[in-house]
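[1] Coordinates only, no sequence provided:
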């Protein structure tokens, strides 16, 4: 069983930055892919970014955040991160971290473990 807990959300002005953390416990953190999704009111949960486990630590991004967001991980701390720069009003959403993907990593339904989410609000 893997437990995830996000932190770091808040209110920021457009153009500003926020850093989210995803603290994990259970499982072997260094071996599994960690992803971030977001869900705005009335919209479906959407893929934001993912970072693979193992030696590669390959990064994957949604087109809407590429060049502005950076995903990373610290295997010694069992924690994943999402650095968000140049934030826009349309980035406003609840952000979730997820693990235990089977199949297409960009589909939220493929993940077994989820955090409770953290609110990010960008004012224009």
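    Alright, I've got the coordinates. Only a predicted model underlies this, so the values are computations on that prediction, with no experimental measurement involved.

[2] pretty sure residue 30 is in a helix, no?
    Yes - membership of residue 30 in a helix is supported by DSSP: H, G, I helix; E, B strand; the rest coil.

[3] any idea how far it is from residue 94?
    For residue 30, the distance to residue 94 (CB to CB, to the nearest Å) stands at 27 Å. C-beta coordinates here come from the backbone N, C-alpha and C atoms, glycine included.

[4] which residues in this structure form strands?
    For the chain, the strands defined by DSSP state E occupy 3-7, 10-13, 18-25, 34-39, 46-51, 59-61, 69-74, 79-84, 93-99, 113-114, 118-123.

[5] what does the model give the residue lying closest to residue 68 once chain neighbours are set aside for pLDDT?
    Of all residues not flanking residue 68 in the chain, residue 86 sits nearest, at 4.6 Å (CB to CB, 6 or more residues apart in numbering). Model confidence at residue 86, given as pLDDT, is 98.

[6] Pull up the gap between residue 86 and residue 71, please.
    From residue 86 across to residue 71, the span is 15 Å (CB to CB).

[7] Now that the residue nearest to residue 68 has come up, it's in contact with residue 66, right?
    No - here residue 86 lies out of contact with residue 66, judged by CB atoms under 8 Å, at a distance of 11.4 Å.

[8] okay, which residue is most central for the chain?
    Closest residue to the average C-alpha location of the chain: residue 36 at 2.1 Å, with CA atoms, centre = their mean.
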